[in-house]
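J.: With the input below, show me the fold.
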Amino acid sequence: MPARLWRVLAGVWYFYFSFSVGLGKKGDAMVVDKILNNNIVSSFDENGREILLAGRGIGWQAKPGQAVDRSKIEKTFRMDSPDSTSRLKQLLLEVDLEAVRAATKIIEYARETLKKKLNKNLYITLTDHISFAAERMKSGLTFHNMLSLETRKLYPQEYAIGIHSLQIIQELMGVSLPEAEATSIALHIINAEYDCDMEKTQGTLKIVQNSLNIVRYRLCVSFDEESLDYQRFLTHLLFFAQRVMENKMLPDEEDFLYQNIKRQQPQAFDCTLRIRDFIKKDFADCFFMFLPVFMGITIAKKMGGNPMLFTGFLS
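T.: As a prediction, this is how the structure comes out:
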């Protein structure tokens, strides 16, 4: 039989094998579609969706159409969209397998601890962050995360996961990251947990942080951060900040309350105006009266009617 005819028949067989037998599967065997590097290959699942397979040496001497060596699969990535798959594929070409392993173990630990579904894009963002943080540390560069205190208070579970993540990174990558990185890891987890982006999460925490500072310095007070009242106040601030970032402020309906607080609690009212001005400058063009009313009632309640005393709220 002529060599050209053999090539044609081989091409027909490969097409049938890839698409008729199961898009990336040969019986129960997963089939290599593309080799990204020695440690990453792509294939297709039973529904024809592209998947990425990671494992030491899984791509070594592999060829498209061959069955994947299942004993080498450490992690199978099934993303929610072709775009996410493409982004992850590009990232996996740029980072070490150890960073992939660390991120995967952290995500599994977070999922088990929180008992919640996490956005799959966390595999992209966390792997990228860990790889970059490790390279930065090896270069002797460190940074202080200004949102550490607020993250620890508002998201204690996620922060604890961040702390545990430092141990995982040390074990798998041999890099000792500073505690500030626990906050950064926690923020990535929070984003995946609530399906929001990093900008919104950081903006929310910045509003809480600056609101607390305004109250602290305008009224010359210190907070008892272990008290129940403080925790409640922090929860109110978090709820408020989330509404700001989601642009879900309530309409102006409380003019009577607004005027009442302005007259009876002038210092609390002054704090709310300064918080409003800070938010207006950094996050939005305009706000309704709901902001000073909401903040004024909350602050005045904790002040117990005395502008210089927070009953059960100060140390």
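J.: where exactly do the helices run in this structure?
T.: Under the criterion DSSP state H, the chain contains helices at 3-19, 82-94, 97-114, 122-138, 148-154, 156-173, 180-194, 198-218, 228-245, 255-264, 266-282, 290-303.
J.: Quick one: closest of these to Lys72.
T.: helix 97-114 (11.5 Å; C-beta to C-beta). C-betas here are computed from N, CA, C, even on glycine.
J.: Would you mind getting the angle between the closest one and helix 156-173?
T.: Between the axes of helix 97-114 and helix 156-173, defined by axes from the mean of the first three to the mean of the last three C-alpha atoms, to 10 degrees, the angle is 150 degrees.
J.: circling back to that earlier point, got the helices of the chain as CSV, with distance to Val41, mean pLDDT and mean neighbour count columns?
T.: Conversion of these to CSV gives the following (distance: least, C-beta to C-beta, whole Å; pLDDT from 0 to 100; neighbours: other C-beta atoms under 10 Å):
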stretch, distance to Val41, mean pLDDT, mean neighbour count
helix 3-19, 15, 46, 11
helix 82-94, 10, 90, 15
helix 97-114, 13, 95, 20
helix 122-138, 17, 92, 20
helix 148-154, 37, 85, 20
helix 156-173, 21, 96, 18
helix 180-194, 26, 91, 24
helix 198-218, 30, 84, 19
helix 228-245, 40, 76, 18
helix 255-264, 63, 71, 14
helix 266-282, 46, 80, 18
helix 290-303, 53, 58, 22
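J.: Looking at those, which is nearest to Ala54?
T.: Nearest to Ala54 among those is helix 97-114; the distance by C-beta to C-beta comes to 5.6 Å.
J.: tell me the centre residue of this structure?
T.: Taking C-alpha atoms, centre = their mean as the criterion, His188 is the residue nearest the geometric centre of the chain, at 2.1 Å.
J.: Give the closest residue to that residue in space, chain neighbours not counted.
T.: The shortest distance from His188 to any residue other than its chain neighbours is 5.0 Å, reached at Leu126 (C-beta to C-beta, 6 or more residues apart in numbering).
J.: Assess the claim that that neighbour and Ala186 are in contact.
T.: No. Leu126 sits out of contact with Ala186 when judged by C-beta atoms under 8 Å, with a separation of 10.8 Å.
J.: if we can go back for a sec, any idea how far the residue nearest to His188 is from Gly57?
T.: Note on Leu126: its distance to Gly57, by C-beta to C-beta, to the nearest Å, is 24 Å.
J.: go on, Glu199?
T.: Looking at Glu199 against Gly57, where the rule is C-beta to C-beta, the gap reads 39 Å.
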